[in-house]
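>>> predicted model, plus sequence, below.
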Amino acid sequence: MLSRMRFATRIGVVGAVMAVPIVLLGYLLIIQVAGTVDFSSREREGSRLLADVWNTYSMALTQEGQLTPELQGSLGRLESAGLREWVRQARGDTEPIDQFVAAIKSGDLRLQLSTGKVLIQAISDHSNMTLDPNLDTYYLMDALVFRIPLMADMADQIHQAVEAAHATAGPPSHDVVRSVIAADANYRSGLADLRRSLALAIDGNPDGSLAAPIRAPMEAAVSASEAFLATSSPFVAAVMDGKPLADGAAVIEPAEHETQEGLRTLWSGANAEFDRLVAARVDGLLSVAMIEAIAVLVTLAAAALMVLVIARSIARQVTSVAETLVALGRGELDTAIPYQDLRNEIGTMARRFALSAIRWRRWSGSDASGRPSRRFKPARTGARRSPWTSSWRVPPRWSRA
């Protein structure tokens, strides 16, 4: 099929075929960036939903599980945020949010905190936060989803266990002792994990913008947590030794309240920074996609322009040589043959045709003007050898008289 096309058309077809891989590569790059943008956008949506859940979770701690008007209002805002429908679309059911709402309405603080942590982790898993690819946002996610909620729960467990031990007439029961030991150990390990996660998030932040907004609330929360441990340690040790307790709950309650406030402030700041970093990532990805699209378009435009210039140049040269050959075929032997000075295939053809034209003039007996001499007259046959072919047949216009 190509053999039937003009030279310019052939070059255009070849250029179009060569453009297909460029377009395909650009398309694949843009699709990849679009997938990453969608991934990060879902993380931002999860961060927004987590903020609603955390407000209800922390308020349940503040209200000690009682269904106060403030807690009811927070629960109403949580349900109006579209969380139930989001969970249904992500999981296929609404079990985590249903259990959390039921726990809030029941007034059971232990059940509220346990179901709240399950809901927080479910949102994280289904919003891609758990799979975050960057170090800074990944460790911020770790603090938001696991470390801070765990520490808030364990601080309350220590308080409740010490209060239960104080309410016992004799030595604390084994269940109370086990509860205090587990809560204290989990709180201490959670504090160490929180400090490590936030330090890794700050160190993994490429532009260093995370240190300033996170360091101050982190240090405040850590300081309050250490003060809480220092206040609760004597009472925890007394529970572990099975000794009767003084009114330890009243002593450690202010320290716990300060710790919970520090953790809430830290969580809000960390969540805001997580959203900011993911939003900046999305903006950067959109910029990359725009640059890639422009690069593909510029490459295609440059390639099309180059193909057009080459096609027109070759077509002009080939057309000019072809018109010269037509003129020579009509007997216009003085026609100038162009492009003899080119150092390519067109130039080679032109020089060959010029040499053949000289031989033709000598053979036909033309004068300097290209007109045939009187020894020649028109005829359809001839016996002289033609310089254009290997046969003895000559063009039908001339033969020897």
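Everything's here; your move. In this text, all values refer to a predicted model and were calculated from it rather than measured experimentally. Residues are numbered from 1 along each chain as shown.
>>> quick one, longest helix in this protein?
If you go by DSSP state H, the chain has its longest helix at helix 248-329.
>>> immediately after that one, which helix or strand?
Using DSSP states H and E, the helix or strand that follows helix 248-329 in sequence is helix 345-364.
>>> packing partners of that following helix?
Contacts defined by 3 or more CB pairs under 8 Å, 6 or more residues apart in numbering; DSSP states H and E place helix 345-364 against helix 248-329. To be clear about C-beta, it is placed using only N, CA and C from the backbone, and glycine gets the same treatment.
>>> so for the host helix or strand of Ala164, what gets flagged as buried?
Secondary structure assigned from DSSP H and E places Ala164 in helix 148-167. Residues of helix 148-167 classed as buried by neighbour count (16 or more other CB atoms under 10 Å): 148-166.
>>> which element follows that helix toward the C-terminus?
Going down the chain from helix 148-167, the next helix or strand is helix 174-203, by DSSP H and E.
>>> point out where the stretch 101-250 of the chain drops to low pLDDT.
168-170, 244-249 (pLDDT under 70).
>>> and with 90 instead?
Counting by pLDDT under 90, the ranges of the stretch 101-250 of the chain that qualify are 101, 104-113, 128, 130-133, 154-187, 190, 207, 231-250.
>>> got it, and the stretch 251-400 of the chain?
Residues of the stretch 251-400 of the chain meeting the criterion pLDDT under 90: 251-256, 284-400.
>>> what is the helix or strand Lys117 falls within packed up against?
Using DSSP H and E, Lys117 sits in helix 109-126. Packed against helix 109-126, as judged by 3+ CB pairs under 8 Å, 6+ apart, are the following elements: helix 7-62, helix 83-91, helix 95-106, helix 148-167.
>>> could you give the separation of it from the chain centroid?
How far helix 109-126 lies from its chain's middle: 29 Å, per CA atoms, centre = their mean, to the nearest Å.
>>> list the buried residues for stretch 122-137?
For stretch 122-137, a neighbour-count test (16+ other CB under 10 Å) marks Ala122, Ile123, Ser124, His126, Ser127, Asn128, Met129, Thr130, Asp132, Asn134, Asp136, Thr137 as buried.
>>> got it, and stretch 223-235?
For stretch 223-235, a neighbour-count test (16+ other CB under 10 Å) marks Ala224, Ser225, Phe228, Leu229, Thr231, Ser232, Phe235 as buried.
>>> stretch 24-43 now?
For stretch 24-43, the neighbour count (16+ other CB under 10 Å) marks Gly26, Leu29, Ile30, Val33, Thr36, Val37, Phe39, Ser40, Ser41, Arg42, Glu43 as buried.
>>> can you check stretch 66-77 too?
Here stretch 66-77 shows Leu71, Ser74, Leu75 as buried, counting by 16+ other CB under 10 Å.
>>> closest one to Ala255 out of those residues, please.
Within the buried residues of stretch 66-77, the smallest distance to Ala255 is 23.1 Å, found for Leu71 (CB to CB).
>>> on that earlier part again, closest to Leu266 among the buried residues of stretch 24-43?
For the buried residues of stretch 24-43, the residue nearest Leu266 by CB to CB is Glu43; the value is 19.7 Å.
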